[in-house]
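K.L.:
Take a look and give me a structure for this.
(one chain, ligands or ions: 1)
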Amino acid sequence: MTRTFSFEFFPPKTPEGADKLRAVRAKLAAVQPAFFSVTFGAGGSTREGTWNTVTEIAAAGLAVAPHISCIGTTRASVRELLLAFRSRGIRRLVALRGDLPSGAAGGAGDFRYANELVEFIRAETGDWFHVEVAAYPEYHPQSRSPADDLANFARKVKAGADSAITQYFYNSDAYFRFVEDAQALGVEVPIVPGIMPITNYTQLARFSDACGAEIPRWIRLKLQSYGDDRDSISAFGLDVVTDLCEQLLAVDAPGLHFYTMNQAEPTLELWARLGLPR
Ligand code: FAD
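P.N.:
Have a look, this model is predicted:
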């Protein structure tokens, strides 16, 4: 089995951030990931920010997957964007619903849910793009029930997704169960675990509250007990996340997608600890 290892960035907001990301990208490119992905709209980033970051990575000859979301988009604007990506030789996308800044449900555009966006991408561009979608081993925070969320996930895959990337999680059992349940619904595409390195407790707690990813009690209490001691947080976080990745790879997870937070070291430390090829 060929595993897919990939790295996620968010678009930098300042020229200094862009310079820093270039250096981070160079370090991460050395381990030859399958692709870099670039978020869109998350954390207030702009369309231009995603476009600039994506096209720069593509121009450097690296595989890149822009994220695109339903928020505020029309059929015409998505069509235009797909053609623009295609003209740059981009072959992979991460298709999402996205979130309104207020956290309200719904798309406020022509597409309400990611399955509609995936369907549109397939209808417009055939097999040109490898389309990734999001998966939630601990279930999406707005889902009505686990069964409903799984059915929605399966619908989205059947609309034409080639693979999925999960929200991050620290309970490997949640992932294993999710994959099993999705397969029982006929999902056959790879479901790649999303991995969030732990380097900053406050930031992680904020993200986790917003996206519904659980930090298990024992991990949370240990992290809290380190206070401002960043070295201890990073060392403990590296142990915990290395164990998690080892468990996932031991049972044939189809790869790992690292939420790099635009930093090279935490991901490269994990890479080294896991003995992945350089
Ligand atoms: P959907 O699959 O559309 O699901 C959203 C909710 O609606 C779920 O509760 C689902 O059960 C329900 N649902 C789905 N389809 C239907 C249907 N047809 N009828 C009724 N209910 C339905 N956000 C960003 O803004 N920018 C990014 O770049 C970004 N990147 C991400 C990358 C990954 C790997 C992940 C896991 C998430 C990312 N997100 C990003 C966050 C994501 O946009 C949010 O989690 C969003 O709330 C859901 O997006 P989705 O594509 O999973 O939605």
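K.L.:
which ones are touching F178?
P.N.:
Neighbour list for F178: 135-137, 150, 166, 191 [criterion: Cβ atoms under 8 Å, 6 or more residues apart in numbering]. C-betas here are computed from N, CA, C, even on glycine.
K.L.:
Extract the CA atoms of the helix or strand hosting it and return them as CSV.
P.N.:
F178 is part of helix 172-184, with elements assigned from DSSP states H and E. These are the backbone C-alpha positions of helix 172-184, laid out as CSV (Å, rounded to 0.1, in the frame of the first residue of the first chain):
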residue,chain,number,x,y,z
SER,A,172,-7.3,6.4,18.0
ASP,A,173,-10.4,4.2,18.8
ALA,A,174,-12.7,6.9,17.5
TYR,A,175,-10.8,6.8,14.2
PHE,A,176,-10.8,3.0,13.9
ARG,A,177,-14.6,2.9,14.7
PHE,A,178,-15.3,5.7,12.2
VAL,A,179,-13.5,3.9,9.4
GLU,A,180,-15.2,0.6,10.1
ASP,A,181,-18.7,2.3,10.2
ALA,A,182,-18.0,4.2,7.0
GLN,A,183,-16.9,1.0,5.2
ALA,A,184,-20.1,-0.7,6.4
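K.L.:
So what touches the helix or strand just after that helix?
P.N.:
Of the helices and strands lying after helix 172-184 in sequence (DSSP H and E), the nearest is strand 191-195. Residues outside strand 191-195 that contact it (Cβ under 8 Å, 6+ apart): 4, 6, 8, 135, 137, 163-169, 175, 178-179, 182, 241, 244-245, 248, 253-259, 270.
K.L.:
How far off centre is strand 191-195?
P.N.:
Mean-position distance between strand 191-195 and its chain equals 8 Å (Cα atoms, centre = their mean, to the nearest Å).
K.L.:
ditto for stretch 197-215
P.N.:
Here the centre of stretch 197-215 is set off from its chain's centre by 15 Å, with Cα atoms, centre = their mean.
K.L.:
Run through the stretch 1-150 of the chain and note the low-pLDDT ranges.
P.N.:
42-45, 101-108 (pLDDT under 70).
K.L.:
can you list the residues of this protein near the ligand?
P.N.:
Proximity of the chain to the ligand is confined to 39-42, 67, 69, 94, 96-99, 113-115, 134, 140, 142-143, 148-149, 152, 155-156, 165, 167, 194 under the rule Cβ under 6 Å from any ligand atom.
K.L.:
What about those, which are in helices?
P.N.:
Within the residues of the chain next to the ligand, membership in helices is found for 114-115, 148-149, 152, 155-156, as judged by DSSP state H.
K.L.:
Mind putting those into a markdown table with distance to F236?
P.N.:
What follows is those, written out as a markdown table (distance: Cβ to Cβ, whole Å):
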| residue | distance to F236 |
| --- | --- |
| A114 | 35 |
| N115 | 39 |
| D148 | 36 |
| D149 | 31 |
| N152 | 35 |
| R155 | 39 |
| K156 | 35 |
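K.L.:
which of those residues are buried?
P.N.:
By the neighbour-count criterion of 16 or more other Cβ atoms under 10 Å, these include these buried positions: 114-115, 149, 152, 156.
K.L.:
Quickly check the ones in helices among the residues of the chain next to the ligand for the two that are furthest apart.
P.N.:
Maximum pairwise distance among those (Cβ to Cβ): 14.7 Å, between A114 and D148.
K.L.:
can you map out the helices along the stretch 1-150 of the chain?
P.N.:
Taking DSSP state H, counting those that start in this stretch, the helices of the stretch 1-150 of the chain run over residues 15-29, 47-59, 75-87, 114-125, 146-158.
K.L.:
Would you mind getting the angle between the first one and helix 47-59?
P.N.:
The directions of helix 15-29 and helix 47-59 differ by 40 degrees, with axes from the mean of the first three to the mean of the last three Cα atoms, to 10 degrees as the criterion.
K.L.:
Buried among the residues of the chain next to the ligand? Make that a ChimeraX selection.
P.N.:
Buried residues among the residues of the chain next to the ligand (16+ other Cβ under 10 Å), as a ChimeraX selection:
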select :39,40,41,67,69,94,96,97,98,99,113,114,115,134,140,143,149,152,156,165,167,194
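K.L.:
Please tell me how far the nearest residue to G89 once chain neighbours are set aside sits from S37.
P.N.:
Closest residue to G89 apart from its sequence neighbours, by Cβ to Cβ, 6 or more residues apart in numbering: A58 at 6.4 Å. A58 sits at a distance of 12 Å from S37 (criterion: Cβ to Cβ, to the nearest Å).
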